[in-house]
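Colleague: fold the following.
(2 chains)
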2 protein chains.
Amino acid sequence: MKQIYFFNEGNRDMRTLLGGKGANLAEMTQLGLPVPSGFTITTEVCHAFQANHGELPAGLMTELKASLIELEKRADKKFNDPENPLLVSVRSGAPISMPGMMDTILNLGLNDQTVQGLAKLTNNERFAWDCYRRLIQMFGNVVFQIPEQRFEKELSAVKADRHATSDLDLTTDDLKEIVKRYHNVYLEEINRPFPQSATEQLTEAISAVFTSWNNDRAIVYRELHHISETLGTAVNVQMMAFGNSGDDSGTGVAFSRSPVTGENRLFGEFLKNAQGEDVVSGVRTPKPIQELADEEPEIYEQFRAITEQLEQHYHDMQDVEFTIEHGKLFLLQTRDGKRTPKAAVKVAVDQVKEGLINKEQALLRIDPEQISQLLHPEFTAEQLKTKDVLATGLPASPGAASGEIQITAAAAKAANDAGHKVVLVRQDTSPEDISGMIASSAIVTSRGGMTSHAAVVARGMGTCGVVGCAALNVSEEDQCVYVGDQKLPVGTVISVDGTTGNLYVGEIEADSAAHDENLQQILDWAKEAGEVAVYANADTPADFEQALRFEAAGIGLTRTEHMFFAPERLIEMRRLIVAKTAEDRKPALAALKEMQTEDFKALYRLAEGKTVTVRLLDPPLHEFLPHDEKELNETAADLQVPVEDLRKRVVALKEVNPMLGLRGSRLAVTMPDVYAMQVDAIISAAFALQDEHILVKPHIMLPLIASKIEMEVLRNRISDQIDAACEEVGRELHYQVGTMIELPRACIEADGIAENADFFSFGTNDLTQLTFGYSRDDIGQFLPAYLEKGLLPADPFNTLDQTGVGELMEMAVTRGREEKHSLPIGVCGEVGGDPSSMQFFDRIGIDYVSCSPFRVPVALLASAQAALKHQYRYREQKEQK
Amino acid sequence: MKQIYFFNEGNRDMRTLLGGKGANLAEMTQLGLPVPSGFTITTEVCHAFQANHGELPAGLMTELKASLIELEKRADKKFNDPENPLLVSVRSGAPISMPGMMDTILNLGLNDQTVQGLAKLTNNERFAWDCYRRLIQMFGNVVFQIPEQRFEKELSAVKADRHATSDLDLTTDDLKEIVKRYHNVYLEEINRPFPQSATEQLTEAISAVFTSWNNDRAIVYRELHHISETLGTAVNVQMMAFGNSGDDSGTGVAFSRSPVTGENRLFGEFLKNAQGEDVVSGVRTPKPIQELADEEPEIYEQFRAITEQLEQHYHDMQDVEFTIEHGKLFLLQTRDGKRTPKAAVKVAVDQVKEGLINKEQALLRIDPEQISQLLHPEFTAEQLKTKDVLATGLPASPGAASGEIQITAAAAKAANDAGHKVVLVRQDTSPEDISGMIASSAIVTSRGGMTSHAAVVARGMGTCGVVGCAALNVSEEDQCVYVGDQKLPVGTVISVDGTTGNLYVGEIEADSAAHDENLQQILDWAKEAGEVAVYANADTPADFEQALRFEAAGIGLTRTEHMFFAPERLIEMRRLIVAKTAEDRKPALAALKEMQTEDFKALYRLAEGKTVTVRLLDPPLHEFLPHDEKELNETAADLQVPVEDLRKRVVALKEVNPMLGLRGSRLAVTMPDVYAMQVDAIISAAFALQDEHILVKPHIMLPLIASKIEMEVLRNRISDQIDAACEEVGRELHYQVGTMIELPRACIEADGIAENADFFSFGTNDLTQLTFGYSRDDIGQFLPAYLEKGLLPADPFNTLDQTGVGELMEMAVTRGREEKHSLPIGVCGEVGGDPSSMQFFDRIGIDYVSCSPFRVPVALLASAQAALKHQYRYREQKEQK
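Modeller: Below is the predicted model:
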């Protein structure tokens, strides 16, 4: 087995064997670009090294020695040659980039003799000794784990002796003294001298890099980014090029296009007479790459042409490191450049226009999660530099805003009416807080998870929100928010970053999001490519308009309960709940029916024939009743009922676990007239729209169905009602009656339920709650510990739990379609907009997802990517056959 | 296809074809017993009749006519013969008895002529005309749906005319007048006369009986008793025997043994010169059957011998109807006799002793549910006759008791300490009420279902209980309980029937349950026969002792949380929860550990080597904290912490859906030292018992495990702790660490979880809650409606939902044993003691159930029956091959 590849022996497809850096160095060499000679030790050697308990495998040394002789020949320099020493770097390079996680050693080959050669070569004795000093220190630390402080102590002693305030004050002689002292450190600490043999230095350095694959920070990074531990790293041994050889030398980094805006021009920095680490350390300020055009027009043009060639070759924007040694350009690395969301979208669209890539490639190149950042204002890193984080919660709804603290919905609304920007801070929110939430620029809660009421509503409105911020203690009594010992009275201005979950004291001006034509183009392409359609969750015309702007295919979920919280409706709803007889309930039902009819007319009118899926009332009735004594008294007065009667009703309806109580379709069983009223309103709205010659497709969705018989009875009731209404006036109405699939039992009996369902829509929030036994509202108490200890891979309300919840979903899809072959099946929980869940949905045959308007673009792109990956896999399988 | 079978052509194995009554009449005929001649029209004719839209099938009439001629021959009487008329009854008789649900017509063959013959034959003209009058009325109503009132109107008119106050005042002439008027009713109502032809009467009557298979009450009965609609009914046509032919005639019903006590002697009643309906109508009071021995010793002896013969023949106690016509005994029906639980147990054991049946038959003959009635005191039907039901709730815990109303646990305890019998009436109960519950003779709640806290605790203690009694409104403010407008102040004595769910005002003395040797015998046999072992849920030594008396195999579930509610423990628990640092928690943990060690020692000592399964702390911590202001202040004082600190902790721990919150093994993740303390206590207790040379088998059970990784981490933590403790002192301890399977996700990932589980125990309560999304505490709001409307076949917390929850369980069993072939699997939810679920458990391979001590006998018998049925099926299948 070949263990070492010279750069001219590899290519970019050998990433797994040579690592990303090695494969690209090989590719550039193959392209004839000026890359300093070198070779890559494969990741397989890394495996052997790990299996071998940290010993380099037998046979490597023979191949390594031969390779070093070959390298000397190619470099026309020799190891240990004091006149013309060959110096090399040893760098890690895994198949997937893990920047800064593993060890690197530069200038290997320096020793007491060759340091002289370097001095001559760079014409800079001080630099040579400084390099040597650094090598000894770095090598000692990386290879022999000699503590950093041990060297720092010597350095400080010499500096003190010379009254030097900074390293730059040290003379060549000082550095020589330090090298001497460092040599002694080796003797004292490890009882052996710093190795003078280049081969020995190299062998030790290679082992150290392989060892660093399993250092703590690399392990953490791999876990965080789900990188397999079995990949291993390669090691690149490359001749050093010295950008610090004089004024005709330099070093820099540049992108083939702007990683910030996506603009198609070279973007980067360089430093004359410098090595890479000078750029990084910030000791000197680099110049914009454009200045190189003035100073070294030929080199600049050569470099520019190379970056263009590389972009054409790699079909993507490149991030290139270079060094100039005595007027000669060397490339040290190329890779696909990281970019902002804005740049990602622009680069992809531009490159399609330029014919560099096709639409499919463009769609696959953009991270769907990034897109959501384009839709919301943000605080910039610059602004946050000087700010201390007050507290951190869950980043529930992206965006950024500032405003004064208000702790009740009423106060928030009042302050907003008075022209103040408001941040509503509460323990948690309930549907009654809706007007205060609408009036707020940001919403913060001390409790609840990513799918708590506050989170769902904030995302739905596109308002930035942070939830489950446990450090906050909201005290209505003291009219303030406590954060530890810090007291923030109502009125204090804070800033909320919904993208990171951070809170700050004081105002920060957020960048506002503008319409992005490139994004629009990407969404258009995504819509063509995706197989899973994307609908929106929309309860109001405003929501729906926003969703339509984002290319939603229709409404997958209208939560009618949200329509009942406006004050003039809430009172009717309460009248209904408090009424003792069917007769007493009629006036309230009639009033609510009128209002609901208008709600549905508005949505149908906007839909222009697109599907509007209305879910009948879902939450428990007690959500509509007063929650405190004051409200109780007011409501009793409004309803003209004795306070005690109302109180009794409130107590009677209270539940221990409302999530598992009298709600959803169970309401249709215990109180049939409410659903009948809603269906009536749907019929009236549909007939009214027909009169306006607008196409209407009402989809009616039953929540919380548990069994075949329940579906059968309730479905027939609705069908009978609509059919009778149509017959009475001699009309036709094309409607569908479907069901949420959100109880584990519904998944199990999906075949029976499908008999009477025109469509299924997974309620993944409830399904996840029940499959795990996790309450969305209470998970904040233990989710952080579970994530931290690796007991959960992710918040299952954000990223579908494919093992558990997913298996139930797959069961439901299979069983449902066994009964009804072409049953339409959607997902309308929050994970509907989650890119990482989309491939799973695509695989199990989900027809559509429905998510909050601001997630629609993300879901559209994720859907396109899932379909494309699916097709690629299919093509690959076909080719393999 | 033969459509009619004379009684001598059939036998008892032809139940499906001939119905129960027909098959037994045939069997008795075959035995040579005196049965009036007759024949059975098969259930297949019923199917044809239904398929034929209510027309008798072609070909039946030919066969029927031939049969009637044959019947005339056998009876030596003739239809329509005024001198010696043949009269017959037409009765339904389905394969499964549906008493009184379908129609019967007697005395068919009477007409204007034959009524004279009957008068002569019975020597009672008035009786003959009364029979005729009744026939016309019954026939008109059953066959032609002429409203009953139409006839009653004529009857009343004649009675008024004659100044008769009762039917008995009517003379023969009056009856003749009535018959005349009835004939007119036919002409007026259906425009045709009452059919004079016996054949016509018969044909119409047969059709009417077949039609009655689908009358409303028959349909309801079938649904209620899960009787298939496809069975159909047979029709029995039988010569009338007249028990009212004079003083040498009579009629009666008797059991071969006492259906009340099981005593082995004839038990029944008879009436001289009477027909069956006279006994039923209560117009005359029948005499004990023993008096027949004095009056008609020969007939008595003949009858006694026949009942003995029938019992020997049927191998079961028989319920026999007979008629004596002119000194000649006729048998009209025999069937297995219904009996009280006490009788059922005694008869079965006696019959085994007598060699009549074997143990297996004895075990299969007793309804397990009946057994529980033997374990608890009861109100007798006699006592309840004069009582009005105050309100009805769910029969949560069987038994009966009276006592004064108390509405707080503290008041209940105080009243009991003062020597009063107490009924604790609350909206619901929580673990803190435990001392009040112990002090009460009965427990009643206005909320909650069959597995609410109150229900579970009541059953566990064997205290009678009624829950979810929604008509009650408990007002602490008014110190009373409201039932509608009725106010029952604290101190009012009420009586509670936990077997029916009824409440009564005032005291009723309950029959107390005594030790029953026959029951003990049955349990011993059951233990031998059962394949599913029966363990007990026991949290205290008292529970465990009770369970051991009932033959429990060990403890399947000790809920350790119940151990923390005694005042001296609750304070330590609170100290623990309120502590801010690990250091602050130590003293509370140490105190609790001492107490837990004593708890476990007591249980281990009683177990004498039997398995004791300890479930680590399961409920959310807030259950242990104060619930009202008063308690909050007291607790703060006790703990010497500021009230505000305590309040904050209470608020912080409060949950929206505690069922789905921070509880179970999640506590081990967020607060590891509590489980560590419990494991420590188990170790200490086990070591202490080892010192006493008592065998200990600690089984430790983790609650609410959701995933493989969670099980792995927590299991290893426990194993490491025990192994370290053993190693430290050089001991060995044979322990097991298993898990509850109570989350749907755990069923799905059961294979992964099994890797680190020594046993599984299904928590069917939680699993049912999550599979359906039903909260046990809140289901009372909609369960009644669901049951009433047929949307649920049964309360799924009482009877396992095999379709939904059962499929998840089967999945878990299959997957768990795929990973670990011989994994022990139990069920420790409430359905563990449910007989109808037991067969399912037996089928899917459940090794054991664990239920409250008073359910142990029921479960033992159910387990034996499941195993026996299983074996029978197996034998049958083998024979078929």
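Colleague: for the stretch 351-500 of chain A, which segments count as strands?
Modeller: For the stretch 351-500 of chain A, strands defined by DSSP state E, counting those that start in this stretch occupy the ranges A:391-392, A:394-397, A:400-406, A:422-426, A:442-445, A:464-467, A:472-475, A:480-483, A:486-489, A:493-497.
Colleague: for these, which has the smallest mean pLDDT value?
Modeller: Of all those, strand A:394-397 carries the lowest average pLDDT, namely a mean of 84.
Colleague: packing partners of that strand?
Modeller: helix A:453-461, strand A:464-467 (3 or more CB pairs under 8 Å, 6 or more residues apart in numbering or on different chains; DSSP states H and E). In this view, the C-beta of every residue, glycine as well, is placed from N, C-alpha and C.
Colleague: host element of the residue lying closest to residue A:360 once chain neighbours are set aside?
Modeller: Nearest non-adjacent residue to residue A:360, counting by CB to CB, 6 or more residues apart in numbering or on different chains: residue A:868, 5.3 Å away. Taking DSSP states H and E as the definition, residue A:868 sits inside helix A:856-880.
Colleague: tell me where the model's unsure across chain A.
Modeller: For chain A, the stretches flagged by pLDDT under 70 are A:224, A:277-284, A:451, A:512-514, A:880-881.
Colleague: and residue A:562, how far from residue A:431?
Modeller: 7 Å (CB to CB, to the nearest Å).
Colleague: kindly apply the preceding question to residue A:690 instead.
Modeller: Distance from residue A:690 to residue A:431, by CB to CB: 32 Å.
Colleague: returning to that earlier point: let me see the contact set for the residue nearest to residue A:360.
Modeller: A:360, A:363, A:364, A:529 (CB atoms under 8 Å, 6 or more residues apart in numbering or on different chains).
Colleague: and the furthest pair within those residues?
Modeller: Pairwise distances among these were taken by CB to CB; the largest, 9.6 Å, belongs to A:364 and A:529.
Colleague: what's near enough to touch the closest residue to residue A:645 other than its chain neighbours?
Modeller: Setting aside the residues directly before and after it, residue A:645 is nearest to residue A:578 in space (CB to CB, 6+ apart), at 7.2 Å. Taking CB under 8 Å, 6+ apart, we find residue A:578 in contact with A:639, A:641, A:645, A:646, A:649.
Colleague: isn't the last one right up against residue A:579?
Modeller: No - counting by CB atoms under 8 Å, residue A:649 does not reach residue A:579; the two are 9.7 Å apart.
Colleague: give me the residue from the stretch 401-550 of chain A nearest chain B.
Modeller: residue A:473 (7.2 Å; CB to the nearest CB).
Colleague: contacts for whichever strand or helix holds residue A:321, please.
Modeller: Assigned by DSSP H and E, residue A:321 falls within strand A:318-325. By CB under 8 Å, 6+ apart, the list of residues contacting strand A:318-325 from outside reads A:241-243, A:245, A:248-256, A:259, A:268, A:270, A:275-276, A:296, A:299, A:303, A:306-307, A:310-311, A:329-338.
Colleague: what helix or strand is the closest residue to chain B within the stretch 201-350 of chain A on?
Modeller: Closest residue of the stretch 201-350 of chain A to chain B, CB to the nearest CB: residue A:223 (13.2 Å). Assigned by DSSP H and E, residue A:223 belongs to helix A:216-224.
Colleague: pull out the buried positions in that helix.
Modeller: Within helix A:216-224, the residues scored as buried using 16 or more other CB atoms under 10 Å in any protein chain shown are A:218, A:221, A:222.
Colleague: now those as TSV including distance to residue A:207?
Modeller: Formatted as TSV, the buried residues of helix A:216-224 follow (distance: CB to CB, whole Å):
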residue	distance to residue A:207
A:218	15
A:221	21
A:222	20
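Colleague: number of nearby residues for residue A:551?
Modeller: Neighbourhood size, residue A:551 [other CB atoms under 10 Å in any protein chain shown]: 16.
Colleague: let me fix that: residue A:73
Modeller: Neighbour tally, residue A:73, other CB under 10 Å: 11.
Colleague: pretty sure it sits in a strand.
Modeller: No - counting by DSSP: H, G, I helix; E, B strand; the rest coil, one finds residue A:73 to be helix, located in no strand.
Colleague: who touches it in this structure?
Modeller: Residue A:73 neighbours (CB under 8 Å, 6+ apart): none.
Colleague: distance of it from chain B?
Modeller: 54 Å (CB to the nearest CB, to the nearest Å).
Colleague: what about the residue lying closest to residue A:685 once chain neighbours are set aside, how many residues nearby?
Modeller: Distances taken as CB to CB, 6+ apart place residue A:600 nearest to residue A:685, at 3.5 Å, with adjacent residues excluded. By the measure other CB under 10 Å, the count of residues near residue A:600 is 26.
Colleague: and the one 3 residues further on, by the same measure?
Modeller: By other CB under 10 Å, 25 other residues sit near residue A:603.
Colleague: ok so, going back, the residue of the stretch 401-550 of chain A closest to chain B contacts residue B:648, doesn't it?
Modeller: Yes - judged on CB under 8 Å, residue A:473 makes contact with residue B:648 at a distance of 7.2 Å.
Colleague: show me which residues of the stretch 601-750 of chain A sit near chain B.
Modeller: A:648, A:651, A:653, A:655-662, A:666, A:669-670, A:704, A:706-707, A:709-710, A:713, A:742-745, A:748-749 (CB under 8 Å from any CB of the partner chain).
Colleague: mind running it again at 7 Å?
Modeller: Selection of the stretch 601-750 of chain A residues close to chain B by CB under 7 Å from any CB of the partner chain yields A:655-662, A:666, A:669-670, A:704, A:706, A:709-710, A:713, A:743-745, A:748-749.
Colleague: got it, and chain A?
Modeller: Counting by CB under 7 Å from any CB, chain A sits next to chain B at A:655-662, A:666, A:669-670, A:704, A:706, A:709-710, A:713, A:743-745, A:748-749, A:769-775, A:777-778, A:781-782, A:785-786, A:789, A:791, A:803-804, A:807-808.
Colleague: okay, and which of these map to helices?
Modeller: Within those, residues falling in helices by DSSP state H are A:666, A:669-670, A:709-710, A:713, A:744-745, A:748, A:769-772, A:785-786, A:807-808.
Colleague: of these, just the buried ones, PyMOL syntax please.
Modeller: For the buried members of those, the matching PyMOL selection, counting by 16+ other CB under 10 Å, is:
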select buried, chain A and resi 666+669+709+710+713+744+745+748+769+770+771+772+785+786+807+808
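Colleague: out of the strands of the stretch 351-500 of chain A, deepest packed?
Modeller: Comparing these by mean neighbour count (mean count of other CB atoms under 10 Å in any protein chain shown), strand A:464-467 comes out on top with a mean of 31.
Colleague: give the contact list for residue A:196.
Modeller: A:111, A:112 (CB atoms under 7 Å, 6 or more residues apart in numbering or on different chains).
Colleague: give me the secondary structure label for it.
Modeller: Quick answer, by three-state DSSP: residue A:196 is coil.
Colleague: measure it to chain B for me?
Modeller: 49 Å.
Colleague: buried set for stretch A:692-701?
Modeller: Buried residues in stretch A:692-701 (16+ other CB under 10 Å): A:696, A:697, A:698, A:699, A:700, A:701.
Colleague: what is the end-to-end distance of that stretch?
Modeller: 25 Å (CA to CA, to the nearest Å).
Colleague: how distant is it from the center of its chain?
Modeller: Computed by CA atoms, centre = their mean, to the nearest Å, the chain-centroid distance of stretch A:692-701 equals 37 Å.
Colleague: okay, and the beta partners of the nearest residue to residue A:70 once chain neighbours are set aside?
Modeller: In space, residue A:70 comes closest to residue A:6 once its chain neighbours are excluded; the distance is 7.0 Å by CB to CB, 6+ apart. Under DSSP bridges, the beta-bridge partners of residue A:6 are residue A:39.
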